[in-house]
Every structure is written in structure tokens, then in C-alpha cells.
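Novice: structure, please.
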Amino acid sequence: LTQRTMGDTELYAMKIIQLLIPYKWSEFWAEYYGSYPKTEAMSSYLGLLAIIGFIILIFALLMHEKNSEKKDVIVLFAKLNVIAVLFATMGGFESIFASFVTGLVRGTNRISIFIAFMSLSTLGILMTRWMKKQNKHSKIWKPICEVLFCALAIFSLYDQVPAGVTGAAAQLQEEKNSDSQFIEKIEASVPEKSMIFQLPYHPYPEGGPVNQMQDYHLFIGFMYSEQLRWSYGGSKGREGDLWYQQTAGMPVKQMIDELKKKGFAGIYVDKRAYDEESFASLDAALKAELDCEPINSANGNLYFYEF
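Specialist: This next block holds a predicted model:
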């Protein structure tokens with residue numbers, strides 16, 4: 001079974017500084033961001049408007065009168081907000097839970113989405129109340145506030161989009177087209193329900209990046225095919241995973257013989273996981289043993305060697 005460690009729990013925990021300081025400003029916080037590995041937690045930035053709402057929620061909790069019977073949604077958000085922060089923060093109650101119950105629950109930086117929702121909702125509620133109050137004195141405030149709210153919403157979206165995502169739509173679409181067309185070529189060349197062996201061996205889940213191949217890149221086959229079966233994806237340490245690892249480590253001729261015995265239809269290779277010399281050696285060995293040219297993706301990342 002997949003194991004979680006206390007180090008994983010802390011690494012993927014929420015950090016308040018990352019809620020408030022975006023990673024795209026990392027050059028100004030080089031000492032801090034240089035001290036930790038890059039993880040998904042670095043995308044937990046709330047955005048400027050949500051930060052304002054977050055601070056309001058903290059003060060709302062402090063200023064709330066205990067004897068007040070008024071049930072205000074902002075007070076509810078304030079209570080939920082502090083509970084989320086105390087549980088999810090690095091070294092918080094999540095760490096206690098991981099120590100004494102189970103470490104399988106982790107990645108609490110994702111609670112930042114709920115914190116952002118409560119923070120933005122709080123700000124929106126307060127601004128709506130303010131607008132209604134102003135409208136009682138002058139109707140001119142309504143169109144002004146509507147324009148202001150739209151401008152703030154646009155700014156908030158821009159502020160929260162991580163650097164590297166903005167403007168990447170065309171590149172991502174090109175990669176998607178290349179991947180899907182590549183899988184279509186494989187489907188056209190082998191019988192339905194064929195088994196495809198994938199290289200390199202990559203542990204699942206959380207195997208981490210290998211050179212230019214990112215974690216879960218080997219799921220491309222699953223995403224674009226409904227007819228084929230793939231070797232990647234068995235949980236680390238289980239029988240299927242151990243066989244996959246052992247077979248991928250065999251010399252090319254022995255590996256091909258083993259795969260043919262098991263009924264595989266070919267080998268899929270993600271070139272991004274190899275340096276140039278290693279891939280050239282593997283490519284030459286597969287071509288020599290199979291006496292065929294591979295099918296490759298338009299962007300040159302993926303190769304398929306049919307048996």
C-alpha cells in the first residue's frame with residue numbers, strides 16, 4: 001500500500017505566508033521560497049481581495065460579542081475560517097491527526113480554496129450592504145458600484161492566476177492535439193483491448209518528475225483512449241507494480257520476450273524522461289529487435305514500437 005510520512009504531511013500542509021504572498025513574487029522572497037521544494041502548496045495564494053476578506057474574518061471573530069443572538073453569516077465564516085487555519089497550517093492539528101490517527105489525509109493546502117471562498121464571500125456581502133446603504137442617499141451610487149465591482153472581479157481573477165498559466169492556452173492546446181492524435185495512431189495500429197507497456201517505469205502515485213517528464217504524464221494513454229490497456233498506474237509495492245518495475249529494468253531483448261509472452265502489443269516510450277544519449281540507445285535497441293520504425297507524436301515527445 002502507498003505510505004505517507006510525516007515529512008509529506010508537513011511538506012504539503014498549508015502555510016499562511018503562501019496564502020498572502022504569491023509565488024510569482026518569489027524573487028522578492030527568494031530566501032523563503034528557496035528553502036522549500038516546489039509543491040502545489042505554492043499555488044495557495046488567495047489574491048488581494050480575498051486577503052482583505054481573510055483579515056476582516058479574523059477581526060470579525062475577535063470583535064464578535066458572545067451574548068449577541070444575531071446570526072450573521074460573516075460570524076459563521078469567521079469561525080469556520082479559524083478552524084480551517086488551525087487544522088491545515090503546517091504544524092497544526094493536521095499534524096497531530098497524522099501522528100495519532102493516519103497520515104493518509106494530507107495536502108491540506110487545498111483548504112485554501114474554501115478559505116478563499118469564505119473570504120471573497122465576506123467581502124462581497126459587506127460591499128453589497130454598503131452599496132444598499134449608499135443607494136438610500138443617492139441613486140448615482142448604484143451604477144458606480146456595479147462598475148467598481150466588475151473591475152474588482154476582473155482584477156481578482158488576474159491576480160489569482162499563477163504565472164506560467166497566463167497565455168499558455170495555445171501551447172497546451174497544441175500539446176493536447178499532439179497527444180490525442182498519437183493515441184489515435186496507436187489505436188489504429190493494434191487490436192482493440194490491446195495491452196501497451198509504458199517506459200520508463202514510474203512509480204504511482206507521486207513518483208515525482210523525471211527529467212522533463214512530469215509526474216502522471218504517463219496517464220496520457222488513459223486520457224485519450226477507451227480501447228487500450230496500459231501498464232502504468234499500479235499502486236507502489238503491489239504485485240503488478242513490482243512486475244512492471246522488474247520488467248522495465250530488463251535488457252531490451254529479454255524485456256520484449258517477456259512482454260510478448262504476457263500478450264502485450266507494443267512499447268510506449270515517453271522521451272522526456274531520458275537524456276539524449278539514453279533515449280538514442282533505447283531507440284536503437286528497440287528498432288533493432290523489432291525491425292520497425294516507431295510511431296511518434298507530432299511534438300516528438302512520445303514513441304510507440306509495435307510488436
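Novice: in a strand, Ala170, correct?
Specialist: No - going by DSSP: H, G, I helix; E, B strand; the rest coil, the assignment for Ala170 is helix, not a strand.
Novice: can you count the residues close to it?
Specialist: For Ala170, the count of nearby residues is 8 (other C-beta atoms under 10 Å). To be clear about C-beta, it is placed using only N, CA and C from the backbone, and glycine gets the same treatment.
Novice: against Lys176, how distant is it?
Specialist: Taking C-beta to C-beta, to the nearest Å as the measure, Ala170 falls 11 Å from Lys176.
Novice: what do you get for Leu120?
Specialist: Leu120 is 31 Å from Lys176, by C-beta to C-beta.
Novice: which of the two has more neighbours?
Specialist: Higher neighbour count among Leu120 and Lys176: Leu120, with 20 against 13, using other C-beta under 10 Å.
Novice: wait, a strand at the more buried one?
Specialist: No - looking at Leu120 with three-state DSSP, it is helix, so not inside a strand.
Novice: count the residues that sit near the nearest residue to it once chain neighbours are set aside.
Specialist: What sits nearest to Leu120 in space, not counting adjacent residues and going by C-beta to C-beta, 6 or more residues apart in numbering, is Ala50, at 5.1 Å. The burial count assigned to Ala50 is 25, neighbours taken as other C-beta under 10 Å.
Novice: tell me what the strand or helix carrying Ala50 is packed against?
Specialist: Secondary structure assignment for Ala50, by DSSP states H and E: helix 48-63. Counting contacts by 3 or more C-beta pairs under 8 Å, 6 or more residues apart in numbering; DSSP states H and E, helix 48-63 packs against helix 16-20, helix 73-88, helix 112-137, helix 141-160.
Novice: CA atoms of it as CSV?
Specialist: Taking Å, rounded to 0.1, in the frame of the first residue of the first chain, the C-alpha atoms of helix 48-63 are listed here in CSV:
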residue,chain,number,x,y,z
LEU,A,48,-5.5,40.6,-2.9
LEU,A,49,-9.3,40.8,-2.5
ALA,A,50,-9.6,37.5,-0.6
ILE,A,51,-6.7,38.6,1.6
ILE,A,52,-8.8,41.7,2.6
GLY,A,53,-11.7,39.4,3.3
PHE,A,54,-9.5,37.0,5.3
ILE,A,55,-8.3,39.8,7.5
ILE,A,56,-11.8,41.0,8.0
LEU,A,57,-12.8,37.5,9.1
ILE,A,58,-10.1,37.5,11.7
PHE,A,59,-11.2,40.8,13.2
ALA,A,60,-14.9,39.7,13.0
LEU,A,61,-14.1,36.8,15.2
LEU,A,62,-12.3,38.9,17.7
MET,A,63,-14.9,41.6,17.8
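Novice: who's sitting farthest from the centroid in this structure?
Specialist: What lies farthest from the middle of the chain is His137; by C-alpha atoms, centre = their mean that is 48.3 Å.
Novice: quick one: pLDDT of it?
Specialist: As predicted, His137 sits at a pLDDT of 75.
Novice: cool, the one 10 residues further on as well?
Specialist: Note on Val147: pLDDT of 85.
Novice: and Phe264, how close does it get to Gly233?
Specialist: 15 Å.
Novice: equivalent analysis for Asn81, please.
Specialist: The value you get for Asn81 to Gly233, if C-beta to C-beta is used, is 37 Å.
Novice: most centrally placed residue in this protein?
Specialist: Most central in the chain (C-alpha atoms, centre = their mean) works out to Glu40, at 6.2 Å.
Novice: shouldn't that residue be in contact with Arg106?
Specialist: No - using C-beta atoms under 8 Å, Glu40 is not in contact with Arg106, being 11.2 Å away.
Novice: find residues that contact each of those two.
Specialist: Common contact partners of Glu40 and Arg106 (C-beta atoms under 8 Å, 6 or more residues apart in numbering): Tyr12.
Novice: what does stretch 291-307 contact?
Specialist: By C-beta under 8 Å, 6+ apart, stretch 291-307 touches 174-175, 177-179, 181-182, 185-186, 189-190, 196, 220, 256, 259-260, 264-272, 283, 286-287, 290.
Novice: no further queries at this time; thank you.
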